[in-house]
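1. no sequence on hand, only this structure:
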Ligand code: SF4
């Protein structure tokens, strides 16, 4: 009602995409004297169709928090922060980082970035750091959520290319959600699932009885991390009962014989004891997938954040390919991204892939990017960056001594938290660039650079269905806070490389550079006329080439990939990739008998809560104190009742939490939301070997009444 009242006092409106999750909803901002005073979901935006979740509704309120970083802060010898001018802060940044590079080599400085800033800012950061400052190592927090999907797609399809559009939610007659809880993780996508008029079968594969599992037509409550074996067993039965599309396999894939041989030992009977569900249930699931006409398979962090995540994602992709469920309405092997611009990070952050998903190791790619940017190709590193965990290892070894953290919060979110915090304290110089000066990571900083947030700057985000959307400046940033874009621009000048970035005057100028670099890539956006067109068309999905550009992008146009069955490998064929199923690195034992899973706990909180806990409304929708889900049988054995304080302990740390006694988890399992500061005290630092994504879904703990 407050929003409505304020909105009624507005004298104009404009539309921008939301800055939290990868759904990319359109929000109508109600302006008075060009400042946003309220918002409502945009009814004409083709993504959310007039809906928004609580985070979106509260997007403006979190900008007004008292702990906004409003001026640069440096830590004095007494350990306290003092405000300084931008000139002082940027001179300090340059002097200290250059000093470290001089003393320890150019690779002794690294950066950690985010999926939360605009594409143009990611592009600027990546280009400035790598080509301007000579920093080779930099990675994004997208390593924590999406690296697995990106790696899997690249190997299977030849390019990191989620193939779907959101219309597929409404056009499937069978949707399989693996390690995904869209009901709270992507609530507007779930609303679109509910709009499906095809009487769809909705199958949820998840060790927890999540909100989505409760609403599904079938829930396969498997043992944690038995998903890869289960998917191979489903594949085995699809082949055994001839529920496969031989024509599609023969014409468009590579590796079917090897796949058949590999899955032959994963019969439903052999796999059932590993998964905790019956062989009949496995066969029935396979036959449902085989029988239905338009099957879509969706996954998120339950798959990605696993020590064998890439192969699990590829097992999902294999099922879509061998059943011909790709390139048609309602189909696809579809990874749903997490953050509002994780997809932008995958394309433009210049970390593991060279600017626009080129290859650092390929000299032709380096030449092409250099020419798009108007720089000397010699400035482009010939190797990709170390991944996030490699950077943390570099700090441990003393190889990395200066770190620049932009809009992310590793002191809360990185796996095995106490070790991560010790590593941050080992650095000679830590710079944190953020909207808030109170994040757990900012507490370790030597220098804090105050950044504008969503609503206080412009640029583009790319959502999960590859749709560029525009964000707009509808508020003035508080105090001396600057848009990340302008911080990068100022740093280019203080570092002495402003000439290299003479063309990078504003976000839309950078967008044009990105367009040039995208030419002839699968993510080609050379046909986009500019921000005005993206805005007018309700977003534009990549690819949108010059050849596509004769008319406007139509909101109802479905930009699904692979309609012609051609994939991005040189021979046009998708790869069917298989691997061994491996043992869980830290299985429960007598000392630590409970398996802990972590993940998103609510629709109303976001990641480490740096923004969402600033909203009184969002705080009311979720317990402020940490809680842990425990099965009633386990609780009874521990003498614990609902609401009691318990201590959860792993080999790495311990925490106190409130027991939520609930059958959502099976006996022997527990679940704790990642939003609470202490959760990662418990987690084990282990990684998928292909994507280097941390495995947040499995570690052994002991839980006792406190
Ligand atoms: Fe924003 Fe995601 Fe909520 Fe949509 S679903 S309003 S994009 S947080």
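-> Now that the structure is in, tell me what you want to look at. Bear in mind that the values here come from a model prediction, so they are computed numbers and not experimental data.
2. any figure for the gap between the residue in the stretch 351-500 of the chain positioned nearest to the ligand and residue 469?
-> Residue of the stretch 351-500 of the chain nearest the ligand, by Cβ to the nearest ligand atom: residue 463 (7.8 Å). The way it works is simple: take the backbone N, C-alpha and C, and place the C-beta from them, glycine included. Computed as Cβ to Cβ, to the nearest Å, the residue 463 to residue 469 distance reads 6 Å.
3. pull up the overlap in contacts between the two.
-> Contact criterion Cβ atoms under 8 Å, 6 or more residues apart in numbering; residues shared by residue 463 and residue 469: 17, 24, 47, 539.
4. near the ligand, which residues of the stretch 551-700 of the chain?
-> Residues of the stretch 551-700 of the chain lying close to the ligand by Cβ under 6 Å from any ligand atom: none are found.
5. what ranges do the helices span in the stretch 551-700 of the chain?
-> 616-620, 632-638 (DSSP state H, counting those that start in this stretch).
6. helices or strands next to the longest one in the packing?
-> Meaning helix 632-638. With contacts defined as 3 or more Cβ pairs under 8 Å, 6 or more residues apart in numbering; DSSP states H and E, helix 632-638 has these neighbours: strand 654-661, strand 699-705.
7. any chance of the ones you listed in JSON lines, plus mean neighbour count, distance to residue 488 and mean pLDDT?
-> Shown next, in JSON lines, are the helices and strands packed on helix 632-638 (neighbours: other Cβ atoms under 10 Å; distance: least, Cβ to Cβ, whole Å; pLDDT from 0 to 100):
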{"stretch": "strand 654-661", "mean neighbour count": "19", "distance to residue 488": "37", "mean pLDDT": "96"}
{"stretch": "strand 699-705", "mean neighbour count": "20", "distance to residue 488": "37", "mean pLDDT": "96"}
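8. out of those, nearest to residue 122?
-> Closest to residue 122 of the helices and strands packed on helix 632-638, according to Cβ to Cβ: strand 699-705, at 31.4 Å.
9. packed most tightly, which of the helices of the stretch 551-700 of the chain would that be?
-> Highest mean neighbour count among the helices of the stretch 551-700 of the chain (mean count of other Cβ atoms under 10 Å): helix 632-638, with a mean of 16.
10. quick check: mean pLDDT across that one?
-> Averaging pLDDT along helix 632-638 yields 97.
11. next: stretch 499-515.
-> 96.
12. pull out the buried positions in it.
-> 500, 501, 504, 507, 510, 511, 513, 514, 515 (16 or more other Cβ atoms under 10 Å).
13. next: stretch 72-86.
-> Buried residues in stretch 72-86 (16+ other Cβ under 10 Å): 72, 73, 74, 81, 84, 86.
14. identify the residues contacting that stretch?
-> Contact partners of stretch 72-86, identified using Cβ under 8 Å, 6+ apart, comprise 71, 88-89, 92, 437, 445-450, 480, 482, 490.
15. now do the phi/psi pair for the residue in the stretch 301-450 of the chain positioned nearest to the ligand.
-> Distances between the stretch 301-450 of the chain and the ligand by Cβ to the nearest ligand atom are smallest at residue 340, namely 6.6 Å. Taking degrees, to the nearest 10, you get phi -60, psi -30 for the backbone angles of residue 340.
16. over to the one 10 residues further on?
-> For residue 350, the backbone dihedrals (degrees, to the nearest 10) come out as phi 60, psi 40.
17. pull the contacting residues for the spatially closest residue to it that is not a sequence neighbour.
-> Closest residue to residue 350 apart from its sequence neighbours, by Cβ to Cβ, 6 or more residues apart in numbering: residue 126 at 2.5 Å. Counting by Cβ under 8 Å, 6+ apart, residue 126 touches 113, 138, 348, 349, 350, 351, 355.
18. ok, and the closest non-adjacent residue to residue 129?
-> residue 135 is the one closest to residue 129 (Cβ to Cβ, 6+ apart), at 4.3 Å.
19. what do you get for residue 435?
-> Nearest to residue 435 is residue 453, by Cβ to Cβ, 6+ apart, at 4.3 Å.
20. need the contact list for the one you found.
-> Taking Cβ under 8 Å, 6+ apart, one finds 19, 62, 63, 435, 477, 611 in contact with residue 453.
21. any idea how far residue 322 lies from residue 296?
-> In terms of Cβ to Cβ, residue 322 sits 15 Å off from residue 296.
22. one more: residue 18?
-> Distance from residue 18 to residue 296, by Cβ to Cβ: 24 Å.
23. look at residue 2 and report its pLDDT.
-> With respect to pLDDT, residue 2 has a value of 39.
24. what helix or strand is the residue of the chain found nearest the ligand on?
-> The nearest approach of the chain to the ligand comes at residue 56, 2.4 Å away (Cβ to the nearest ligand atom). Using DSSP states H and E, the element containing residue 56 is helix 54-57.
25. which helix or strand lies directly C-terminal to that helix?
-> strand 73-75.
26. list the neighbouring strands of that following strand plus their orientation.
-> Using DSSP bridges, strand 73-75 pairs in its sheet with strand 81-83 (antiparallel), strand 447-450 (antiparallel).
27. number of nearby residues for residue 265?
-> 11 (other Cβ atoms under 10 Å).
28. for it, give me the pLDDT.
-> pLDDT, read off for residue 265, is 97.
29. start at 16 instead
-> Will do, 16 is the new start, and the previous item becomes residue 280.
30. list the contacts for the residue nearest in space to the middle of the chain?
-> The centroid of the chain falls nearest to residue 353 when counting by Cα atoms, centre = their mean (3.6 Å). Residues in contact with residue 353 (Cβ under 8 Å, 6+ apart) are 36, 37, 130, 157, 160, 161, 200, 315, 316.
31. now it: how far from residue 698?
-> As judged by Cβ to Cβ, residue 353 and residue 698 stand 17 Å apart.
32. likewise for residue 628?
-> Using Cβ to Cβ, which is the criterion applied here, residue 628 is 21 Å from residue 698.
33. so for these two, which sits in the more crowded spot?
-> Neighbour totals were compared for residue 628 and residue 698, and residue 698 leads with 27 against 17 (other Cβ under 10 Å).
34. and the pLDDT at the residue nearest to that one when sequence neighbours are not counted?
-> Spatially, and ignoring its direct neighbours in sequence, residue 698 is nearest to residue 430 (4.7 Å; Cβ to Cβ, 6+ apart). With respect to pLDDT, residue 430 has a value of 91.
35. how about the nearest residue to residue 496, chain neighbours excluded?
-> Counting by Cβ to Cβ, 6+ apart, the residue nearest residue 496 is residue 465, at 4.0 Å.
36. could you check how far the closest residue in space to residue 50 that isn't next to it in sequence is from residue 131?
-> Distances taken as Cβ to Cβ, 6+ apart put residue 490 closest to residue 50, at 6.0 Å, once the chain neighbours are dropped. Distance, residue 490 to residue 131, using Cβ to Cβ: 17 Å.
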